[in-house]
Structure formats: C-alpha cells, structure tokens
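Q: Structure, please.
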Amino acid sequence: MTKRKKSKISKDKHWFQTLSLKKILTFIAVIVVAGGVVWFEQSIDGDNKLLAETEVKTKLPEITVYKSATCICCHKWVSHLENEGFIVKAHDREDMNTVKKSLGVIPGLASCHTATVDGVMV
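A: Reported below is the predicted structural model:
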C-alpha cells in the first residue's frame, strides 16, 4: 500500500513539473476572457458604471478566432465576444485539427473553436 501511494505522489509531481509558462498563460487568458468583463462590471458602482464599461471595451484586446463555418457553438462564442466589446477576427477553417496542432493545443483539451489573444492560444 505504501508503494501505491508513493507512485501516485510521483505521478502528481511529474504532472506539476510539466507545467510550462505557456500553459499557465493560456489558463490565465481563458479566465480573463471568460470572466474578466463580468468581474469588472460588478466592481463598478452607480453612475460611473456606464463610463467604466465604455473605457474597458475600448481597451480590450483583439481576438483571432479559428472556427468551423457550420458550428453553431463557434458562431455563438464569436457573437458573445463581440457583444462584450472584443474586436474579433473570425476565420472559418475546414482544417481545424491542423490549426490546433500548429497552435500547440493538447488534443484532450481541444474544443471546437480556438483563438489567440496577443499571441496566446485560448
């Protein structure tokens, strides 16, 4: 039983050691895109809210999205980003697996759409 626990701990350490700066930055970018605008809107009070929303939306980065032309999910995600004030450059692609591979997407973590923000893959 002791060997089994040591083996599990050893695997957990190996997983942690394989984290790269790119993976960490990608995770942070996903959180910022998904929740940053919501958090900011909740932190502003009263009369300053409209002004603050306008300022934030003008400072949001451009997002390049690679997606399938026939996927409803991809279309809705692009619409959501645009509604939140992001400038989106959407590219319909038939070779999404090639795009994902070139951007370093881990196959088990891939979704139907893929994007980059300031050179970081989302």
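Q: and the helix or strand harbouring His80, what does it pack onto?
A: Per DSSP states H and E: His80 is located in helix 72-83. The contact analysis (3 or more CB pairs under 8 Å, 6 or more residues apart in numbering; DSSP states H and E) places helix 72-83 against strand 62-67, strand 87-92. For the C-beta atoms, the positions are set from N, CA and C on the backbone; glycine is no exception.
Q: which residues sit in contact with the residue lying closest to Ala69 once chain neighbours are set aside?
A: Nearest non-adjacent residue to Ala69, counting by CB to CB, 6 or more residues apart in numbering: Asp92, 3.8 Å away. When contacts are counted by CB atoms under 8 Å, 6 or more residues apart in numbering, Asp92 touches Lys67, Ser68, Ala69.
Q: List only buried entries from those residues.
A: The neighbour-count test (16 or more other CB atoms under 10 Å) marks Lys67 as buried among the contacts of Asp92.
Q: could I get the contacts of Asp92 as TSV with pLDDT?
A: TSV is the format used below for the contacts of Asp92 (pLDDT from 0 to 100):
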residue	pLDDT
Lys67	92
Ser68	90
Ala69	91
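Q: Show me which of the contacts of Asp92 is closest to Met121.
A: Lys67 (14.0 Å; CB to CB).
Q: Does that closest one touch Ser111 like I think?
A: No: judged on CB atoms under 8 Å, Lys67 makes no contact with Ser111 at a distance of 9.9 Å.
Q: Could you point out which residue ranges in this structure have low pLDDT?
A: Residues of the chain that meet the criterion pLDDT under 70 lie in 1-19, 23, 27, 30-58.
Q: buried sites along the host helix or strand of Lys100?
A: Applying DSSP H and E as the criterion places Lys100 in helix 96-103. By 16+ other CB under 10 Å, the buried positions in helix 96-103 come out as Met96, Val99, Lys100, Leu103.
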